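> Quick one, fold the following:
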Amino acid sequence: MAGSSDFEDWYAAQHRRLFTSLFVLSGDWDVASDATDEAFARALQHWARVREMTSPAGWVYRVGVNVVRRGARRRAFERRVLPRLHVDAPAPAPAGEVWDLVRALPDRQRTAVVLRYVADLEERDIAQVMGVARGTVASTLSDARRSLAVVLTESEIVEESS
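Next comes the predicted model:
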């Protein structure tokens, strides 16, 4: 990428000061970290234009401050509105050995299994969420069940021989 080394140098020179400023402004380490990352990601995305500005640092500070302020407004709105909404407590995450095995599945299979058996979505809805065809969901679920069956069968054999 043309100009990436000048971005890297500028980033290294500006990052600590921007983060510190946003941390003092927000009072929250995570908010400051996220806003700093967002500001620099946008600067990199538009680097050809940003580096030509009179004050690239001023631009990235403005972006960072705006990110912090937008987040503060959103959190304030949520604090006002959420207590008025009746929301059921979230269901506890599934536990047990089988779910440990599910967590070990490849990402695509794990996602399909969770959407099917935890979220209780139909295959067409899972396809929409995952951005794949319905048939792909069916074969992914089948592959996941087959993988789980192999592991469960192997663990039964190990337990019986013990």
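> In what element of secondary structure is the closest residue to Arg110 other than its chain neighbours found?
Among residues not flanking Arg110 along the chain, Val102 sits closest, at 5.9 Å (CB to CB, 6 or more residues apart in numbering). From N, CA and C alone the C-beta is placed, and that goes for glycine too. Per DSSP states H and E: Val102 is located in helix 97-103.
> buried ones in that helix?
Leu101, Val102 (16 or more other CB atoms under 10 Å).
> same question, stretch 46-57
Those would be Trp47, Val50, Pro56, for stretch 46-57 by 16+ other CB under 10 Å.
> Which ones among these map onto helices?
Among these, the residues falling in helices (DSSP state H) are Trp47, Val50, Pro56.
> Dump these to TSV, plus pLDDT and distance to Val118.
TSV is the format used below for these (pLDDT from 0 to 100; distance: CB to CB, whole Å):
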residue	pLDDT	distance to Val118
Trp47	96	41
Val50	96	43
Pro56	95	46
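> Identify, from those residues, the entry nearest to Gly131.
Checking those against Gly131 by CB to CB gives Trp47 as the nearest, at 29.4 Å.
> Looks like that closest one contacts Ser5 (just checking).
No: using CB atoms under 8 Å, Trp47 is not in contact with Ser5, being 11.2 Å away.
> so where's this structure shaky on pLDDT?
Scanning the chain for pLDDT under 70 picks out 1-4, 87, 90-95, 155-162.
> All the helices of it, residue numbers only.
Using DSSP H, the helices of the chain run over residues 4-26, 29-45, 47-50, 56-81, 97-103, 107-117, 123-130, 134-161.
> counting contacts, what elements does the fourth one pack onto?
So that's helix 56-81. Judged by 3 or more CB pairs under 8 Å, 6 or more residues apart in numbering; DSSP states H and E, helix 56-81 is in contact with helix 4-26, helix 29-45, helix 47-50.
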